[in-house]
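Enquirer: With the input below, show me the fold.
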Amino acid sequence: STDVPLFVGAIDACVKLVLPRYGTHMAQGDIFILNDSYLQGTHLHDVTAVGPLFHKGELVGFGAARAHWQDIGAIDPGSTMGSTSIFHEGIRLGPTRIVKEGKPIPEWYDLLTRNTRLKTMTLGDLNAQISAIRTGEKRLDGLLDRIGVDTYRSACANIFEQARILDIEAIRKLKDGTYYREGFLDNDGVTTDPVKIALTLTIAGEKMIIDLTGTSGPVQGSINCGAVQTESLLRLAYKTMINPDRAITGGSFSTMEVRIPDNCLLNAKEPAACEWYFTGLGLLGDLMISCLSEAMPAKATAAHYGDSMVAAFFQMDKGEDSWISVEPTAGGWGGTNGGDGESALINLVNGGFRNIPAEVYETKFPVRVEEFSLRRDSGGAGRWRGGCGVTRTYLLLEDCYGALWFERERTPAWGLAGGQSGAGPANDILGPGGEPEHPLKMRARAFRKGTRIVTRTGGGGGYGDPLARPLGEVLDDVRSGLVSVDRAW
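Expert: Next up, the predicted model:
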């Protein structure tokens with residue numbers, strides 16, 4: 001699936017994790033799941049299901065589907081903002097057979113449902129993943145009935161080789177050189193210390209070497225990330241710039257070598273907390289794309305707003321009427337060499353995420369969305385301006401809990417070639433009768449009915465000299481509400 005591109009680059013690793021444990025002891029109809037952060041790289045919510053695919057009794061491949069399960073039994077419902085250990089974050093599974101020869105294993109289903117607050121939703125997610133694998137098996141079986149296994153395997157090999165050769169050709173066109181970028185996350189959610197992300201990119205012949213030496217070591221908070229998912233993000237950034245119109249296959253990324261220090265935030269080891277693993281990856285992706293922008297100036301792109309910007313609300317004390325909302329928020333993307341950045345677009349790692357329409361949100365949850373608008377003046381100025389972030393105002397219609405995770409105030413989306421940085425995020429909490437608060441990160445806490453929470457995501461960086469922007473385009477920006485009169489002049 002291309003809906004969450006960050007997931008795609010790690011699916012092959014998950015299949016390879018199943019093989020050593022079960023080897024030849026797999027049968028048609030088996031399903032295996034895993035979610036261990038140190039094996040597959042992401043947080044424990046992301047459960048990968050893998051199933052062997054057989055044709056006339058012969059193993060011919062694997063189907064795999066990854067999904068984020070809403071609640072995995074952590075210390076807080078939904079996603080916890082306060083974990084400092086993997087053992088705060090929910091049930092943790094290595095490769096585990098959950099269906100044997102088409103029959104669910106009851107004790108494993110029982111274990112899963114006992115470790116989540118959302119039993120029906122969890123089973124629904126698991127069954128959807130299994131259905132995806134079964135659909136893949138059916139379609140592959142039909143294909144093999146037509147062309148045979150030998151032709152299929154030969155075609156796969158040819159497609160992989162094509163992808164490898166095209167990547168090599170693309171890298172060879174780039175000038176050899178070494179490029180370096182660094183940036184700082186605001187904090188790890190526990191301390192107030194900035195967290196450094198560093199990337200050195202070297203192009204040498206047909207190889208691209210990415211070295212993360214200089215990146216912070218493990219941190220106390222939950223922004224540590226497993227190496228498999230770090231490499232998946234780098235694959236995503238690579239694919240964004242190198243042959244983006246070609247499908248990802250088993251031959252892709254052969255030109256890319258990744259070096260991650262052993263003692264590193266982005267190479268998490270037990271018991272490091274990993275709930276917000278993707279926070280550093282958004283910044284890492286921007287750093288890599290900026291490095292490639294030097295080597296590929298025609299495709300140069302300024303940085304984007306960079307993180308999922310999550311506003312979460314829940315009330316789990318109402319029996320069958322309990323509810324959870326955990327929603328990422330869109331923001332502004334960077335201007336490019338030739339075009340303005342997109343406004344109100346989900347961040348790089350989340351790809352095809354879709355926001356919940358306000359009418360649906362208000363029907364499902366006791367929350368009113370009072371405002372959902374483009375955030376004026378949030379995009380960085382430039383010959384091609386950065387896109388705008390968004391403002392969302394939530395009015396709580398009953399007592400409930402709320403949590404926030406917003407990032408990139410220290411290193412907002414930077415501009416390129418003279419373009420200015422976009423605005424960073426900003427939030428307001430306006431309690432009934434209380435003093436305003438302005439947290440970016442906040443673990444779940446109780447709020448009274450009538451509280452307003454205003455969230456503002458960052459804008460994208462601009463590209464090129466702002467004074468080179470034609471007057472007509474500046475006037476259009478003002479008329480459309482993207483730029484104020486004061487900022488325009």
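
Enquirer: How much space separates the spatially closest residue to residue 187 that is not a sequence neighbour from residue 64?
Expert: Once flanking residues are discounted, residue 187 sits nearest to residue 193: 6.1 Å by CB to CB, 6 or more residues apart in numbering. To be clear about C-beta, it is placed using only N, CA and C from the backbone, and glycine gets the same treatment. From residue 193 across to residue 64, the span is 38 Å (CB to CB, to the nearest Å).

Enquirer: then the helix or strand of the chain with the lowest mean pLDDT to PDB, C-alphas only?
Expert: Across the helices and strands of the chain, mean pLDDT, DSSP states H and E gives its lowest value to helix 5-22, namely a mean of 87. Presented in PDB, the C-alpha positions along helix 5-22 are these (Å, rounded to 0.1, in the frame of the first residue of the first chain):
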ATOM      1  CA  PRO A   5       4.600   5.100   2.700                       C
ATOM      2  CA  LEU A   6       6.700   5.000   5.900                       C
ATOM      3  CA  PHE A   7       5.300   1.400   6.400                       C
ATOM      4  CA  VAL A   8       6.200   0.100   3.000                       C
ATOM      5  CA  GLY A   9       9.900   0.300   3.300                       C
ATOM      6  CA  ALA A  10       9.900  -2.000   6.300                       C
ATOM      7  CA  ILE A  11       7.500  -4.700   5.200                       C
ATOM      8  CA  ASP A  12      10.200  -6.900   3.700                       C
ATOM      9  CA  ALA A  13      12.100  -6.800   7.000                       C
ATOM     10  CA  CYS A  14       9.000  -8.100   8.800                       C
ATOM     11  CA  VAL A  15       8.700 -11.000   6.400                       C
ATOM     12  CA  LYS A  16      12.300 -11.900   7.000                       C
ATOM     13  CA  LEU A  17      11.700 -11.900  10.800                       C
ATOM     14  CA  VAL A  18       9.100 -14.500  10.500                       C
ATOM     15  CA  LEU A  19      11.200 -16.900   8.500                       C
ATOM     16  CA  PRO A  20      14.000 -17.700  11.100                       C
ATOM     17  CA  ARG A  21      11.400 -18.600  13.800                       C
ATOM     18  CA  TYR A  22       9.100 -20.800  11.700                       C
END
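
Enquirer: so what strands line up beside the next helix or strand after it?
Expert: The C-terminal neighbour of helix 5-22 among helices and strands, as given by DSSP states H and E, is strand 31-34. Sheet pairing of strand 31-34 (DSSP bridges) gives strand 46-55 (antiparallel), strand 96-100 (antiparallel).

Enquirer: With respect to residue 202, which of those strands lies nearest?
Expert: Smallest distance to residue 202 across the strands paired with strand 31-34 (CB to CB): 30.9 Å, for strand 46-55.

Enquirer: Can I get that closest one as CSV, trimmed to CA atoms?
Expert: Output of strand 46-55 as CSV, limited to C-alpha atoms (Å, rounded to 0.1, in the frame of the first residue of the first chain):
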residue,chain,number,x,y,z
ASP,A,46,1.7,-0.9,14.5
VAL,A,47,0.9,-4.6,14.0
THR,A,48,2.3,-6.4,11.0
ALA,A,49,0.4,-9.5,9.7
VAL,A,50,2.3,-11.9,7.4
GLY,A,51,1.0,-14.9,5.6
PRO,A,52,2.7,-17.5,3.4
LEU,A,53,1.2,-17.8,-0.1
PHE,A,54,1.0,-21.2,-1.7
HIS,A,55,0.2,-22.3,-5.2
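
Enquirer: So what are the sheet partners of the helix or strand just after that strand and their directions?
Expert: Per DSSP H and E, the first helix or strand lying C-terminal to strand 46-55 is strand 58-68. Neighbouring strands of strand 58-68 in its sheet, by DSSP bridges, are strand 46-55 (antiparallel).

Enquirer: just to revisit the earlier point, neighbour count: residue 193 and residue 64, which is higher?
Expert: Legend: neighbour count by other CB atoms under 10 Å for residue 193 and residue 64, higher for residue 64 (22 against 15).

Enquirer: which sections of this protein are below the confidence cut-off?
Expert: Residues of the chain meeting the criterion pLDDT under 70: 1-2.

Enquirer: Walking through it, point out its helices one by one.
Expert: Listed in chain order, the helices found in the chain under DSSP state H are 5-22, 37-40, 106-114, 119-147, 149-172, 227-241, 278-295, 358-364, 471-479, 485-488.

Enquirer: Specify the stretch among these that is closest to residue 347.
Expert: helix 278-295 (5.7 Å).

Enquirer: Which secondary structure elements does that closest one sit against?
Expert: Contact here means 3 or more CB pairs under 8 Å, 6 or more residues apart in numbering; DSSP states H and E; on that basis helix 278-295 packs against strand 177-185, strand 195-204, helix 227-241.

Enquirer: what's the angle between the last one and strand 46-55?
Expert: Think helix 227-241. Helix 227-241 runs at 80 degrees relative to strand 46-55, counting by axes from the mean of the first three to the mean of the last three CA atoms, to 10 degrees.

Enquirer: Send me helix 227-241 as CSV with only the CA atoms.
Expert: Below are the C-alpha coordinates for helix 227-241, written out as CSV (Å, rounded to 0.1, in the frame of the first residue of the first chain):
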residue,chain,number,x,y,z
ALA,A,227,16.8,0.9,13.0
VAL,A,228,14.5,-0.9,10.6
GLN,A,229,12.0,2.0,10.6
THR,A,230,14.8,4.6,10.3
GLU,A,231,16.0,2.9,7.2
SER,A,232,12.4,2.8,5.9
LEU,A,233,12.2,6.6,6.3
LEU,A,234,15.5,7.1,4.4
ARG,A,235,14.1,4.9,1.7
LEU,A,236,11.0,7.1,1.6
ALA,A,237,13.1,10.3,1.3
TYR,A,238,15.3,8.6,-1.4
LYS,A,239,12.3,7.5,-3.4
THR,A,240,10.8,11.0,-3.1
MET,A,241,13.8,12.4,-5.1
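
Enquirer: elements contacting that helix?
Expert: Where contact means 3+ CB pairs under 8 Å, 6+ apart, helix 227-241 is packed against helix 5-22, helix 37-40, strand 256-259, helix 278-295.

Enquirer: export the ones you listed to a markdown table and tack on distance to residue 125 and mean neighbour count?
Expert: Below are the helices and strands packed on helix 227-241 laid out as a markdown table (distance: least, CB to CB, whole Å; neighbours: other CB atoms under 10 Å):
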| stretch | distance to residue 125 | mean neighbour count |
| --- | --- | --- |
| helix 5-22 | 14 | 19 |
| helix 37-40 | 16 | 23 |
| strand 256-259 | 30 | 15 |
| helix 278-295 | 19 | 25 |
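
Enquirer: residue nearest the centroid of the chain?
Expert: Geometric centre of the chain, nearest residue: residue 349, 3.3 Å, by CA atoms, centre = their mean.

Enquirer: wait, doesn't that one sit right on residue 234?
Expert: No. Contact criterion CB atoms under 8 Å: residue 349 and residue 234 do not qualify, at 11.6 Å.

Enquirer: How about stretch 226-244, which residues are buried there?
Expert: Of all the residues in stretch 226-244, those buried under the rule 16 or more other CB atoms under 10 Å are 226-243.

Enquirer: Repeat that for stretch 166-182.
Expert: Neighbour-count burial for stretch 166-182, with 16+ other CB under 10 Å as criterion, is recorded at 166-167, 170-171, 174, 179, 181.

Enquirer: contacting residues for the closest residue to residue 4 other than its chain neighbours?
Expert: Counting by CB to CB, 6+ apart, residue 351 is the residue found nearest to residue 4 once chain neighbours are left out, at 5.2 Å. Applying CB atoms under 8 Å, 6 or more residues apart in numbering to residue 351 gives the contacts 2-6.

Enquirer: what do you get for residue 256?
Expert: So, once contact is read as CB under 8 Å, 6+ apart, residue 256 ends up touching 207-208, 210, 234-235, 238.

Enquirer: Much appreciated, bye for now.
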